[in-house]
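> Mind folding the following:
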Amino acid sequence: MTTPALRRIVLDFEAAALRAVAAGDASDVEQAHEAAIERFRDVKDSCEADGHLEAFYRAVIEVDLKLKMALEAVR
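Numbers count the residues shown, from 1 in each chain. Prediction:
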């Protein structure tokens, strides 16, 4: 797993969250977050094996922060 793949997970979440915010749907934001977290779970072991664990956790934190911002924007 490379850091560009982690970046793709973050970008996919951002796109889904923006669509959900535009629609005013908090549940869609949360579903996008759950999908991103599931993808992170799928790649964690390979990130650890490839020495990208720090990048992995930075990406997870970034998605969590963006989740909070998106939910705040919807509410």
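> count of residues packed around the closest residue to residue 55 other than its chain neighbours?
Leaving out its chain neighbours, the residue that sits closest to residue 55 by CB to CB, 6 or more residues apart in numbering is residue 3, at 4.7 Å. The C-beta positions use only the backbone N, C-alpha and C, and glycine is treated the same way. Other residues near residue 3 come to 15 when the count uses other CB atoms under 10 Å.
> Next: the one 5 residues further on.
Neighbourhood size, residue 8 [other CB under 10 Å]: 13.
> Quickly find the element holding residue 68.
helix 53-74 (DSSP states H and E).
> Would you check how far apart the residue nearest to residue 55 and residue 18 are?
Using CB to CB, to the nearest Å, residue 3 is found at 22 Å from residue 18.
> ok, now residue 54?
Counting by CB to CB, the gap from residue 54 to residue 18 is 27 Å.
> ok, the two, which is more surrounded?
A count of neighbours by other CB under 10 Å puts residue 18 above the other of residue 54 and residue 18, at 15 against 10.
> ok, now how distant is the more buried one from residue 64?
Here the criterion is CB to CB. By it, residue 18 lies 16 Å from residue 64.
> Ok, residue 58 next?
Per CB to CB, residue 58 is found 11 Å from residue 64.
> overlap in contacts of these two?
Shared contacts of residue 58 and residue 64 (CB atoms under 8 Å, 6 or more residues apart in numbering): none.
> Chain neighbours aside, what residue packs nearest to residue 7?
In this structure, residue 7 finds its nearest non-sequential neighbour in residue 59, 7.2 Å apart by CB to CB, 6+ apart.
> dump the residue contacts of the one you found.
So residue 59 contacts 6, 7, 9, 10, 40 (CB under 8 Å, 6+ apart).
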